[in-house]
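> next come a sequence and a model predicted from it.
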Amino acid sequence: MSSTRDEEDRAFLPPLVGHEGVMAEQLEAIHAGRVHHALCLTGPWGVGKALAARHLGRAFLCPDRTQQGACGACRSCRRVVLESHPDWQELRPSGGSVRGSISVDQVREMTERVWLKPGEGQGRVVLIEEAHLLGEVGQNALLKTLEEPPPSTLFLLVTPRAAELLPTVLSRCQILRFSPLSGEEVRRILQDKGSWRGEDLDQAVEFSEGSPGAALAFLEGQGRFLRERVRELLATPSGEWDPVGMVQELLASQAASPAEEGLTLTQVKRRRALLLVQLLQQEGARRFRASLLEGQPGGPYDPSLAGGMEKWLDRCFQAEQNILWNLDPVLALEILLMDLARP
Ligand SMILES: [Zn+2]
C-alpha cells in the first residue's frame, strides 16, 4: 500500500449514525453561513457527540461543503482528520494527573490564538471535549471570547454534563441535545466496527441503552464477565461485602484487551469503572423490579437496605458523575460499594 493511500485511509472520518435531525439543521446553517458561533453538544455519554462535533467543524472549514456537510476529500477536510489543520484548535484535559482538567493557561493560549488570521482562509474551529472539565476560572476566561467572538470562528463545546457549565457560558451557546440511539442503530455501529456476533452482540446492545460507546466498553472491557461478578455480588448479603477487596479484584484483571491498547492504565480503569457502575445500576434495578413483582426481596441481598431503588440509582448516578469528573475510579467505586452496602 503506498503512503498516499495510507494517508487517505487515515483521513477517513467515520460516518455519524443517528442524530439526523439536529445534524441536518446545523449543516444547513453552516452551509448558509448563519451557524451560531458557539454550539454546546450535550447528551448521554457515548452517543456520538464528539464525532458529531468533528463533522460540524470539518464542514465549517471545508471550502467545498454542501448542505449535506463537508466534501471529505479536499485538503482542509483531510487535514482536519489528520489533526494537522492550522485553524483547528482542540482543548483536552491535560494528561498525567488522575484528576485531569483543562487548565486556565490552555484556555488563555487558545483565546489568544483565535484572533490570528486563519491559515487556510476559511475560518477557525475550537473544539472543547469534556467541556465540564474547564472549571470555573477556565470558563470565565473563555466567557469573554464567547461574548465578543472573533469573526468566522466556531466554538464546539462537548459535554455529557452541561449542568456543570456556568449559566453565563451556556447562555452564549446554542444547545444541541443528543439522544440515545435505537437498538438497531447501536447494532449497526457495532457490526461495522468489529466482528462481534451472536450472544456477545445481543448482550452489548441490550446493555448499551442506546449508547454505542457503552456497548463498545461492554464488548472491549469483558462486560459479560463483569456482569456475572455483579450478579454474584448482589446475591451475597451486603453485610459480607468487602468493597476494597472487590474493587481490587474487579479492576485487577486490567490486562488491556486488544481494543484498549494505546490507552493509559488510568483510562482503562476509568472505562471499566464506568462499566461497573452501569452494571450495578442495571442489575440493581432488575432486582428491585423482581422483588416488587414477587412481593418479596429478591434473594439474600435485600435491596431495601440501600434505602430503596431511588437511593440506589442516585448513588450509582453520583458515582458515575464522580468518575466523569475524574475522581480516581478505584476510589469512586469503593465509595459506591460502601454506600450501597449501608442501610
Ligand atoms: Zn472539504
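Perfect, thanks for sending it. Numbers count the residues shown, from 1 in each chain.
> going forward, measure contacts between C-alpha atoms and count neighbours the same way
Fine.
> pull the distance from the longest helix seen in the chain to the chain's centre.
For the chain, the helix with the greatest residue count under DSSP state H is helix 265-294. From the chain centre to the centre of helix 265-294 is a distance of 17 Å (CA atoms, centre = their mean, to the nearest Å).
> now whatever helix or strand comes next after it: buried residues?
Helices and strands here follow DSSP states H and E; after helix 265-294, the next one along the chain is helix 308-324. For helix 308-324, the neighbour count (16 or more other CA atoms under 10 Å) marks 309, 312, 313, 315, 316, 319, 320, 321, 322, 323, 324 as buried.
> pick the one among the residues you listed closest to residue 17.
Closest approach to residue 17 among the buried residues of helix 308-324 (CA to CA): residue 324, at 23.9 Å.
> so what's residue 129 closest to, chain neighbours aside?
residue 158 (4.8 Å; CA to CA, 6 or more residues apart in numbering).
> confidence score at the one you found?
For residue 158, the model assigns a pLDDT of 96.
> can you tell me the element it falls in?
Using DSSP H and E, residue 158 falls in strand 153-159.
> and that strand, which strands flank it?
Sheet pairing of strand 153-159 (DSSP bridges) gives strand 38-42 (parallel), strand 124-128 (parallel).
> residue 57 is nearest to which of those strands?
strand 124-128 (6.1 Å).
> so what touches that closest one?
Contact with strand 124-128 is made by 53, 57, 60-61, 87-92, 114, 118, 152-158, as judged by CA atoms under 8 Å, 6 or more residues apart in numbering.
> one more: stretch 134-142?
Residues outside stretch 134-142 that contact it (CA under 8 Å, 6+ apart) are 101, 102, 103, 104, 107, 108, 111, 165, 166, 169.
> filter these down to just the buried residues.
In the contacts of stretch 134-142, burial by neighbour count holds for 101, 102, 103, 104, 107, 111, 165, 169, counting by 16+ other CA under 10 Å.
> now render those residues as TSV, adding distance to residue 144, pLDDT and secondary structure.
Below are those laid out as TSV (distance: CA to CA, whole Å; pLDDT from 0 to 100; DSSP: H, G, I helix; E, B strand; the rest coil):
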residue	distance to residue 144	pLDDT	secondary structure
101	20	78	coil
102	17	86	coil
103	16	87	coil
104	13	90	helix
107	11	93	helix
111	9	92	helix
165	15	94	coil
169	9	97	helix
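> which parts of the stretch 51-200 of the chain sit against the ion?
Applying CA under 5 Å from the ion, we find that the stretch 51-200 of the chain lies next to the ion at 62, 70, 71, 72, 74, 77.
> what about the closest residue to residue 85 other than its chain neighbours, neighbour count?
In space, and not counting its chain neighbours, residue 85 is closest to residue 79: 4.8 Å by CA to CA, 6+ apart. If you count neighbours by other CA atoms under 10 Å, residue 79 ends up with 17.
> what's the answer for residue 105, then?
Residues contacting residue 105 under the criterion other CA under 10 Å number 11.
> can you name every helix or strand that the one helix or strand it maps to contacts?
Residue 105 is located in helix 104-113, with elements delineated by DSSP H and E. Helices and strands touching helix 104-113, by 3 or more CA pairs under 8 Å, 6 or more residues apart in numbering; DSSP states H and E, are strand 88-91, helix 135-147.
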